[in-house]
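> Prediction below, plus the sequence it came from.
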Amino acid sequence: MQSARAKWGDLVVGGVLILVAWYVIDTASTFRGDGWLTPTALAYLIGAGGVALIGQAILASMRGRTATASTAPSTTATGPTGLDLIAMLLPAVLVLLTIAYVALIPRIGFYLASLAFIPAVLAILGMRRWWVYAVTALGFVAFVHVVFERTFAIPLPRAAWLSGIL
Amino acid sequence: MSDLMVEGLVQVFEWRNLAAVTIGTLLGMMVGALPGLTATMGIALLVPLTFGMPADSGLIMLTAVYGAAVFGGSIPAILLHTPGTPAGAATAIDGYQMTLKGQGGRALGISAVSSATGGMLSALALLLIAPPLATFSLRFGPAEFFWITVFGLTIIASLSHGNLLKALIAGAVGLLIGTIGIDPFTGQRRFTYGLPQLFDGVSIVPALIGLFSFSQAMILAEERWKPRLQGFLRFTWRECIPSVRDYLRLLPLILRSGGLGTFVGMLPGAGGDIASWVAYSEARRYSRKRDQFGTGIPEGVAAPEAANNAVTGGSLIPLLTLGIPGSAAAAVLLGGLLIQGLVPGQRLFIDHGAITYAVIFSFFVANILMLALGLLGAGVFQRVNQVPVSVLIALIVALSVIGSYALQNSLFDVWLLLLFGVLGYAMRKLGFMPAALVLGMILAPIFERGLRQGLSISRGDISYFWASPISQFLIALTVIALVAPLLLERFAPARHRKWRAAKSDD
């Protein structure tokens, strides 16, 4: 049986898919030649998928209500939901840290940005051994330098003001 | 055996060529095992190193890198659910589940023997049946390519895990993403929003790393609050050596998947990623254990690994005989050939026959070496076990960032990685299959080219698409692919039906 959150998720995704399909059909109508053909055909399919997803969620919801009415509620509103929300905070923080990391790379270079990013991730994930910070960050930087820059000659981003130092 | 073949065979066992194949195999496994570094990228980066080498040694090293990188991609796919190469993505499904069940060593062993067997099978095909098969692939026109992709898309149904609607939506969105970029027919920019980085389309590597690796790091971060995942990576190198019984049981599947991979490898544009998904799907479709696929069974590792390594030899067939690369990596190898002054075509087997046969025979040696290193390297692989989850997450994200950047030296690709990472995480949370999206993205260019070229050639007459015998054969194959599982289900042995019924009650 679908959970209430999954049904809401499907309703929202279905709506988003319909909007995407509408946007693609509208945009593709301006394409020259038969360039519109594939995107438009796919957009109709995606839109139909969105409608079906919403229909499926509504049907599941109606069936769920009938089932709930006939049986005693077995779960509480808190519990797994609350725990899930706390758990989902860490991936969100990880994404924010990665955005900061990528934004820092052109400013301070790949190596310094990595030396800041890796300890930051370890810290938010609960690592408390300081030597692990040093070994992981320095080890990663050394490894990338040897493999990417030395062996495969891939130039990594460096800050212009640090180019004479690193 | 012709004199040229004998000469080539002798050449392989010269010390410099044995050194080249050993270095190539080691480098390839290393490149493949690092998420973000693909076989194509590894070969491209090593081509300059072969400038100063004799032609045979240089080409032997590059081909060894190719095969070993594809196998190397299965190592992080199995242990970390992070495919090292796109071709390893299908292996991650059951390989990682086996690792979670404490069978990581067994999965690595099965991957090594399947890869080596698939690789050697394709080398045999390359050696014996290259010219006639390559000639056959020349007959493929737009309609045939269109049907090949439609056949490929039937795989989505087998990736649905009970929700076909969501799998189809993900596949359609993948196809739509594949249309981004400059329209190859009209030259018009489609959905590029003025970003030059999108003119050539959405780069597949950051998308793959994002959907599979970055989203995996996010899932691991989420699970950090749960009891530790570790303990499942404990295995000894002995566990990595599959039993003879295991191997013999899997051999028919390995040979079938290897044959499929060799065939897919010969088709221009279809690489190891497509082959591994097709093999996985076909293995699942015709297996009695169909419902166990995705839960961590050896068949789910053996089929994609045999297929993706078989692609390596298969893709060399049209490359060496016709100059048509069967995969992106083979296209880069073509550059390596030309640098050495070897022009592919029928004359290659006459004018440079010894070198050509040496390269072909070196494929056998590279696969044997890969098998030995893959099995004995278990002691190194299992050290992942000692790494805390937080360190793994930090390294996966940092490697994903550098891997996405390094392909084109583009920070834009890193932003793409992030976008697809978050999308992959959301998809997993909402019950959509990132693999179906990837499949759509990979097949989109061939699908659209086949459709539009076909319509253009036939001036809108759609009967063109089923006019040729090859098209009819491919249509029949697609229908069989869709209908056969339903029929098999209906006529399944009573014991199997009973087992399924028991499972559905759980």
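Right, received. Where do you want to start?
> mind checking which helix or strand the nearest residue in space to residue B:290 that is not next to it in sequence is in?
Once flanking residues are discounted, residue B:290 sits nearest to residue B:284: 5.5 Å by C-beta to C-beta, 6 or more residues apart in numbering or on different chains. Just so you know, the C-beta spots here come from the backbone N, C-alpha and C atoms, and that holds for glycine as well. Here residue B:284, judged by DSSP states H and E, is contained in helix B:272-285.
> Mind giving me the packing neighbours of that helix?
Applying 3 or more C-beta pairs under 8 Å, 6 or more residues apart in numbering or on different chains; DSSP states H and E, one finds that helix B:272-285 contacts helix B:89-100, helix B:142-153, helix B:155-158, helix B:244-266, helix B:298-322, helix B:434-457, helix B:469-490.
> quick check: domain ranges of chain A?
A:4-70, A:80-162 (automatic domain parsing).
> Kindly reformat those as a markdown table containing distance to chain B and mean neighbour count.
Formatted as a markdown table, these follow (distance: least, C-beta to the nearest C-beta, whole Å; neighbours: other C-beta atoms under 10 Å in any protein chain shown):
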| stretch | distance to chain B | mean neighbour count |
| --- | --- | --- |
| domain A:4-70 | 4 | 17 |
| domain A:80-162 | 4 | 16 |
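> Redo those domains as JSON lines? Include mean pLDDT.
Shown next, in JSON lines, are these (pLDDT from 0 to 100):
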{"stretch": "domain A:4-70", "mean pLDDT": "86"}
{"stretch": "domain A:80-162", "mean pLDDT": "84"}
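> how about those domains, which one is nearest residue B:208?
domain A:80-162 (16.9 Å; C-beta to C-beta).
> where's the residue positioned nearest the centre of chain A, which helix or strand?
The residue lying closest to the centre of chain A (C-alpha atoms, centre = their mean) is residue A:95, at 7.4 Å. In the assignment (DSSP H and E), residue A:95 maps to helix A:80-124.
> and the stretch 401-506 of chain B, which of its residues are near chain A?
B:401-402, B:405-406, B:409, B:411, B:414-415, B:418, B:421-422, B:425, B:429-432, B:447-448, B:451-452, B:455-456 (C-beta under 8 Å from any C-beta of the partner chain).
> Helix, strand or coil: sort out whichever residue of the stretch 251-400 of chain B sits closest to chain A for me.
Per C-beta to the nearest C-beta, residue B:390 is where the stretch 251-400 of chain B lies closest to chain A, at 3.6 Å. Here residue B:390 is helix, with the state taken from DSSP: H, G, I helix; E, B strand; the rest coil.
> how about it, what does it touch?
Applying C-beta atoms under 8 Å, 6 or more residues apart in numbering or on different chains to residue B:390 gives the contacts A:121, A:122, A:125, A:126, A:127, B:224.
> re the thing from before, of the residues of the stretch 401-506 of chain B next to chain A, buried ones?
B:401-402, B:405-406, B:411, B:414-415, B:418, B:421-422, B:425, B:429, B:431-432, B:447-448, B:451-452, B:455 (16 or more other C-beta atoms under 10 Å in any protein chain shown).
> can you give me the helices in chain A?
Under the criterion DSSP state H, helices of chain A are mapped to A:4-28, A:37-70, A:80-124, A:130-144.
> tilt between the third one and helix A:130-144?
Angle, helix A:80-124 to helix A:130-144, by axes from the mean of the first three to the mean of the last three C-alpha atoms, to 10 degrees: 70 degrees.
> What is helix A:80-124 packed up against?
Using 3+ C-beta pairs under 8 Å, 6+ apart, helix A:80-124 sits against helix A:130-144, helix B:215-223, helix B:389-408, helix B:411-430.
> Throw the contacts of residue B:390 into a markdown table and include distance to residue B:113, thanks.
Output for the contacts of residue B:390, formatted as a markdown table (distance: C-beta to C-beta, whole Å):
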| residue | distance to residue B:113 |
| --- | --- |
| A:121 | 37 |
| A:122 | 37 |
| A:125 | 36 |
| A:126 | 39 |
| A:127 | 37 |
| B:224 | 35 |
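> now the helices and strands packed on helix B:272-285 in TSV, with mean pLDDT?
Compiled in TSV, the helices and strands packed on helix B:272-285 are given as follows (pLDDT from 0 to 100):
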stretch	mean pLDDT
helix B:89-100	85
helix B:142-153	77
helix B:155-158	61
helix B:244-266	86
helix B:298-322	85
helix B:434-457	82
helix B:469-490	72
